[in-house]
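Colleague: sequence isn't available, so here's the structure alone:
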Ligand SMILES: Nc1ncnc2c1ncn2[C@@H]1O[C@H](COP(=O)(O)OP(=O)(O)OP(=O)(O)O)[C@@H](O)[C@H]1O
């Protein structure tokens, strides 16, 4: 049995690669490459011959060309009818003489295919070759005044086209620009290169001049008919030679003419030093080019670009904003009368308790207005905090919350619900710049804050979220807002959802995007999990996925999924070594209380494990519950879910369970919520997204091309052992003895009793019953009746179990 499980577990790990859909590729064998390559070479040569002969015989063939294909006609072209016809097409009707380049490209393609060289380079040759043909054709067309072989019809016509719009000079300049652009891109020429070339030319000219002067000097020196000036030059040259250390008297002697000449001579060595740096610059550029193509991954990126995970669904279109509804009463309207009335009442109530106010300010939000007051000096904050109920009474309003003091400000806040609340539409938050321009990994647009700002948070940073609220207060709408935000921002390749919906109706709409965005177990039919027993398998499968991902991260020397994916995109990780692009996985559980009630520890343990460890590898949990009681949100779960959202709850205790403080009980419902990520509480009006809107979005996505299947999670074989009665003692469940005691004490052999008492899932309880049957503690299965208990009391049970050990 033990062996069986390990075997199955190893298959589960291997099952992962199955999830990757294979890419379709068209590959030729080596023989096929040789055949295809040589065909291209021959075609290239034939094309060249046809073109060449067309230059000489083209005119003679003109008369018969119109009759093609006529077998009886005689053609002068060396490649006969086809040759003449193709040449006419390329040269006369096409690009003229530059068409020769096409024959060269065809030949080159043959060589590339035969020798199996890099296709990316060949592609470059074709692109550049074609551009050169066009450019040359226009250039030749520039100099001809009628259709001819040089530039072809295209060259001639394009020239006229340009000249009609920008004139002859404009066309010439355009051609020059084409040449410069080509040189700059193809040969990586820069302004510096021209400076270097210019400097080199300059120094060459100077060298020439220098040698010229040195050639003329001897004639001056040794000429017998020396003029006075030449004599002076001679003496000037001679001074340093005769006297290595010239004295001042020597310099003072010569006349001004000699001095001038001396200056010229002295300038020469200075000019020579200027030449050197120009040479140095040249050497440096050469070095740079050499060191570029060392790294394999850089080369791969250069040839194929960065890895694009969205390539398989490259035509995928994100849902447009129009699918979301616009509401009439969206904008905030200021009701001056209401503001004044509330202000007066607040001031009045406080003054009744002898609390003076030095200033008051109002910030109007979509559902609530915040009155910020600064009390007079010497007033205790706790005194105001205790007046919550009195202020609520005087304002005759529900949902009054006092924040004393407002963190980061020296004021006290009193939140009063507006008489007419405005709807925060999903459309308005999705369309906001804050959301659209966010660089977050998993951005969520929740709604608007009290100061009417769009509230966007990153789920990846949270990293898990707990959501609670009494029924009908906006939890499901909140979950839909989260999912909609991600659908508007993330490509199907980047994020996958695991949806658990015990209520069976809340998330069904997302079935339509199963093959785009959902993840499921390999052999399950529906991607959305509604059956509690399947949840346990899925959670355990996510734990395996987590372990697998950690292994991949470890092998890639990465600390988190963002680093890993960046490395994978830069082609630094080889898919043949088991690496793959990792999408984020978001697990959404719509009713957690129900799960805990039916499966207890079996659900709690993997959830806690995922919550503790999964943040780095991109698995994030969102758990919602109607009943935020301590046996649902246990200490271990709470500790690992720093981000909490509370919709309205019915009691202060519930509010404390979810937020570690009161406040959620004072909300007004309909999407009014409090958000905390550890410290401050932020009051937000959740964006409203209705079912028809979600339906439209999922339909829009669902109608597009999808992956062949939902994203498959690793297979998990649970502890369902079947009814094997020879169960080994060592294989027994850890809770076997506890279960036996419960059954014997109650004298009732039912699995549901164990489920309740031990908080077990159905599968595990059933398996323990099987083990109890094998041990002879309970009788065999009797249909709907409970099994018979064969051991009368605990003493007998202890005896039986002790005997087994011997
Ligand atoms: N953000 C919102 N803005 C305006 N109205 C809202 C908002 N959220 C919820 N509502 C209103 O409250 C109703 C109930 O919301 P929702 O179905 O989300 O509650 P729930 O907490 O999921 O309830 P249950 O637990 O019973 O499913 C909605 O039909 C809608 O009319």
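Modeller: It's in. Quick caveat: nothing in here was measured; it's all calculated off a predicted structure.

Colleague: C-alpha only now, for contacts and for neighbours.
Modeller: OK.

Colleague: middle-most residue in this protein, spatially?
Modeller: residue 494 (6.4 Å; C-alpha atoms, centre = their mean).

Colleague: contacts for the helix or strand encompassing residue 697?
Modeller: Using DSSP states H and E, residue 697 maps to helix 691-702. For helix 691-702, contacts defined as C-alpha atoms under 8 Å, 6 or more residues apart in numbering pick out 317-319, 323-325, 480, 484, 509-510, 512-514, 516.

Colleague: over to stretch 488-498?
Modeller: The contact list for stretch 488-498 (C-alpha under 8 Å, 6+ apart) reads 309-310, 316, 318-319, 430, 436, 442-443, 516-520, 527-528, 582-588, 711.

Colleague: chain center to it: distance?
Modeller: Centroid separation for stretch 488-498 versus its chain: 10 Å, with C-alpha atoms, centre = their mean, to the nearest Å.

Colleague: same question for that stretch, mean pLDDT?
Modeller: Stretch 488-498 comes out with an average pLDDT of 93.

Colleague: returning to that earlier point: any idea how far the residue nearest to the centre of the chain is from residue 779?
Modeller: 53 Å (C-alpha to C-alpha, to the nearest Å).

Colleague: ok and the residue in the stretch 251-400 of the chain nearest the ligand?
Modeller: residue 367 (9.5 Å; C-alpha to the nearest ligand atom).

Colleague: contacting residues for that residue?
Modeller: 417, 418, 420, 421, 422, 450, 672, 685.

Colleague: need the contact list for residue 680.
Modeller: residue 407.

Colleague: what's the distance between it and residue 405?
Modeller: 12 Å.

Colleague: give me the number of residues near residue 532?
Modeller: Using other C-alpha atoms under 10 Å, residue 532 is surrounded by 19 other residues.

Colleague: not counting sequence-adjacent ones, nearest residue to it?
Modeller: The spatially closest residue to residue 532, leaving aside those adjacent along the chain, is residue 595, at 6.3 Å (C-alpha to C-alpha, 6 or more residues apart in numbering).

Colleague: buried ones in the host helix or strand of the one you found?
Modeller: According to DSSP H and E, residue 595 maps onto helix 592-599. The neighbour-count check on helix 592-599 (16 or more other C-alpha atoms under 10 Å) flags 592, 593, 594, 595, 596, 597, 598, 599 as buried.

Colleague: do that helix and the ligand meet?
Modeller: No - Helix 592-599 lies apart from the ligand when judged by C-alpha under 6 Å from any ligand atom; the minimum separation is 11.2 Å.

Colleague: any idea which helix or strand comes after that helix?
Modeller: helix 601-613.

Colleague: mind listing what the helix or strand following that following helix pairs with, with the direction of each?
Modeller: Sequence-wise, the next helix or strand downstream of helix 601-613 (DSSP H and E) is strand 619-625. Using DSSP bridges, strand 619-625 pairs in its sheet with strand 465-468 (parallel), strand 584-589 (parallel).

Colleague: wait, a helix at residue 331?
Modeller: No - assigned with DSSP: H, G, I helix; E, B strand; the rest coil, residue 331 falls outside any helix and is coil.

Colleague: what angle do the helix or strand containing residue 763 and helix 601-613 make?
Modeller: If you go by DSSP H and E, residue 763 is part of helix 762-774. Interaxial angle, helix 762-774 versus helix 601-613 (axes from the mean of the first three to the mean of the last three C-alpha atoms, to 10 degrees): 130 degrees.

Colleague: now whatever helix or strand comes next after helix 762-774: average pLDDT?
Modeller: Per DSSP H and E, helix 762-774 leads on to helix 794-805 as the next helix or strand towards the C-terminus. If you average the pLDDT over helix 794-805, you get 82.

Colleague: pull out the buried residues from helix 794-805.
Modeller: residue 797.
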